[in-house]
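In: Provided below are the primary sequence and the corresponding predicted coordinates.
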Amino acid sequence: MEPENELIAARWQKLQELYRRGIDPYGGRFERTHTTADIHGNYPALEGERVSLAGRLMALREHGKATFADLQDGEGKIQLYFRVDKLGEQYELLKLLDLGDILGVVGKVFRTRRGEVSIEVESFVLLCKSLRPLPEKWHGLKDTDLRYRQRYLDLIVNPESRLRFILRAKILRAVRQFLDSKGFLEVETPSMQVIPGGAAARPFVTYHNALDLQLYLRIAPELHLKRLLVGGLEKVYEMGRVFRNEGISTKHNPEFTMLELYQAYADYTDMMALLEEMVDFIIREVLGRPTVVYQGTEINLAPPWPRLTMLEAIKKYTGADFGLIRDPQEAKRAAADLGVEIGEDWEWGKVVNEVFEVLVEPHLVQPTFILDYPVAVSPLAKRKKEDPELTYRFEAFIACREIANAFSELNDPVDQRRRFEAQVAARTRGNEEAHMMDEDFLRALEHGMPPAGGMGIGIDRLVMILTDAPSIRDVILFPTMRPRGD
RNA sequence: GAGCCAUUAGCUCAGCAGGUAGAGCACCGGACUUUUAAUCCGGGUGUCCGGGGUUCGAAUCCCCGAUGGCUCACCA
């Protein structure tokens, strides 16, 4: 290894000097009595106590025979105070330290003249020598490319990034806590599937050697979870990674975290209530307040959320009543009049859905349920009894983003087969996102699946809103990036 | 996939009527025993993203490419 520049070379020289003096620069086990947060949290009580703590050296302020430093651990920072008359010969070793080094220190808690709770160090041990310089201390690391590729640097120097991932973990825990308390069973189903289904998306393809089998990474766990309903597991959920071979944007990462849950003998109205209750629980547990500010806009997440059907929503925002325009040709004309571009061969439902997405979604800033999606865009949802062109399906929107998608699950195997056939036909016409025929799933349905409500929630997008993250890459520790060409 | 923008020191950035590169932090040397973006004195450490071109001369202008960001497309 050759030092790349002067800054790294200086650290290498210090490393060699440490070896010369018989000091192991890579330490070992170190017994901590406290974290920085423990000390700040119990300050007056700990005054004068001897403590040991460990962390990364983030700042050094030399004053000749005394030196101040900032030590950062997993929970925060604390100031260290080194004096030559306390440390004797060890004081000289400070010259061999650099920002970024990891230290273990033992010392007494005190408060400085300026009021800063600090540790008067009695001894310290080098636990790891850092050979590369940290990003700048004041501005942090701003370059998004480096922040995503070298997330560890982002986590070291940008506290808001670290907090966001801690919050993400708390949100996931709250979700599990909530569902467990409701009697849902957490399950795990295959990520590698013979037929990818449960969503409209292009899959990643992989290959199993021993089976000589092409497999797909799952685009959704849906069809396996429904098999579990057939098997008598009446309330199940899975929170896991799904993979979609599509474009990358601030709202899309090729792998992302999806929560899906199914409840036998329930329907989509139960799912609405469950979602409201779950989000309410999460914000109470994690944020402690019912509102969030997302990118400058205040959003009130407190239930209940307004509900309107897709047809009502379109009427509200465009004036057009597609409930009365049921002929596909007329619907296309109406859509065109509204300035919405539509495909020649689209059915009524697809036209309506397109009008909704283009003209209504941008208005859905505050939490809103949109009900009764067209059957044409809902191949796995139960038809509405009163209107077979529509389904018992809703999506929940927050900040103009789809947060949840739920329906009364289709449990009629004959209708499901017809829907798959329509999907296969669309696939033949070149729609690569359409479903494939899944005989194995149909066989399960033919054994009988209880009526059920099911729901899918994009966890990353929920975390984005709850943590005010502008990009999905800000809530995924290692987002998918093109490899760097060095 | 398309358009726009960006890429300069380890980091954050300035420099662009074309004249051969700067600041702050970091770093190196020195002073300093309660500082905290410590301070003071001295030091600029560089493949100006890469490759071509125009020009006496390119960080700056042109072309191609790389990577990223945003917008759009895609994502029911």
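Out: Sure thing, it's come through.

In: okay, now the residue nearest to A:H363 when sequence neighbours are not counted: neighbour count?
Out: In space, and not counting its chain neighbours, A:H363 is closest to A:Y317: 5.6 Å by Cβ to Cβ, 6 or more residues apart in numbering. (Glycine included, C-beta is placed from N, CA and C.) Neighbouring residues of A:Y317 were enumerated by other Cβ atoms under 10 Å; the total is 17.

In: same check, this time on the one 5 residues further on
Out: Neighbour count for A:F322, taken as other Cβ under 10 Å: 22.

In: can you check A:I119 too?
Out: Look at A:I119: counted by other Cβ under 10 Å, it has 26 neighbours.

In: within the sheet, what are the partner strands of the helix or strand harbouring it, with directions?
Out: Using DSSP states H and E, A:I119 maps to strand A:117-128. The pairing partners recorded for strand A:117-128 under DSSP bridges are strand A:76-83 (parallel), strand A:102-111 (antiparallel).

In: mind putting those strands into CSV with mean neighbour count and mean pLDDT?
Out: Putting the strands paired with strand A:117-128 into CSV (neighbours: other Cβ atoms under 10 Å; pLDDT from 0 to 100) gives the following:
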stretch, mean neighbour count, mean pLDDT
strand A:76-83, 20, 96
strand A:102-111, 19, 97
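
In: go through those strands and name the closest to RNA strand B.
Out: Closest approach to RNA strand B among these is made by strand A:76-83 (4.2 Å; Cβ to the nearest atom of the strand).

In: in stretch A:364-382, what counts as buried?
Out: Buried residues in stretch A:364-382, counted by 16 or more other Cβ atoms under 10 Å: A:364, A:367-382.

In: okay, how far is it across that stretch, tip to tip?
Out: Across its full length, stretch A:364-382 reaches 25 Å end to end, with Cα to Cα, to the nearest Å as the criterion.

In: output the below-cut-off pLDDT ranges for the stretch 151-300 of chain A.
Out: Scanning the stretch 151-300 of chain A for pLDDT under 70 picks out no residues.

In: so where do the helices sit in it?
Out: With helices called from DSSP state H, counting those that start in this stretch, the stretch 151-300 of chain A shows them at A:151-157, A:159-181, A:222-230, A:268-282.

In: helices and strands around the shortest one, which ones?
Out: Using 3 or more Cβ pairs under 8 Å, 6 or more residues apart in numbering; DSSP states H and E as the contact test, the elements touching helix A:151-157 are helix A:144-149, helix A:159-181.

In: just the element for A:V414, please.
Out: A:V414 is part of helix A:413-428, with elements assigned from DSSP H and E.

In: quick one: that helix to helix A:222-230, angle?
Out: Using axes from the mean of the first three to the mean of the last three Cα atoms, to 10 degrees, the direction of helix A:413-428 lies 170 degrees away from that of helix A:222-230.

In: just want the angle from the helix or strand following helix A:413-428 to helix A:222-230.
Out: The first helix or strand that comes after helix A:413-428 along the chain, using DSSP H and E, is helix A:439-447. Per the same axes, to 10 degrees, the angle that helix A:439-447 makes with helix A:222-230 is 30 degrees.

In: hmm, helix A:439-447 in reach of RNA strand B?
Out: No: shown here: helix A:439-447 not in contact with RNA strand B (Cβ under 7 Å from any atom of the strand), separated by at least 14.0 Å.

In: show me which positions of that helix end up buried.
Out: Of the residues in helix A:439-447, those scored as buried under the neighbour-count criterion (16+ other Cβ under 10 Å) are A:F441, A:A444, A:L445.

In: which residues touch that helix?
Out: Contacts of helix A:439-447 from elsewhere in the structure, counted by Cβ atoms under 8 Å, 6 or more residues apart in numbering, are A:194-195, A:197, A:223, A:226-227, A:230, A:411-413, A:416-417, A:420.

In: next one: it to chain centre, how far?
Out: The chain centroid and the centroid of helix A:439-447 are separated by 33 Å under Cα atoms, centre = their mean, to the nearest Å.

In: and the next helix or strand past that helix?
Out: In the C-terminal direction, the helix or strand that comes right after helix A:439-447 (DSSP H and E) is strand A:452-458.

In: the helix or strand following that following strand to helix A:268-282, inter-axis angle?
Out: Proceeding N to C from strand A:452-458, the next assigned helix or strand is helix A:459-467, under DSSP H and E. Inter-element angle recorded for helix A:459-467 and helix A:268-282: 50 degrees (by the same axes, to 10 degrees).

In: return the list of helices and strands in contact with helix A:459-467.
Out: Short answer (3+ Cβ pairs under 8 Å, 6+ apart): helix A:459-467 packs on helix A:159-181, strand A:255-264, strand A:291-294, strand A:401-408.

In: now do the buried residues in the shortest one.
Out: This means strand A:291-294. Judged by neighbour count (16+ other Cβ under 10 Å), strand A:291-294 contains these buried residues: A:V292, A:Y294.

In: list the strands paired with that strand, with their directions.
Out: Sheet pairing for strand A:291-294, assigned by DSSP bridges, gives strand A:297-300 (antiparallel).
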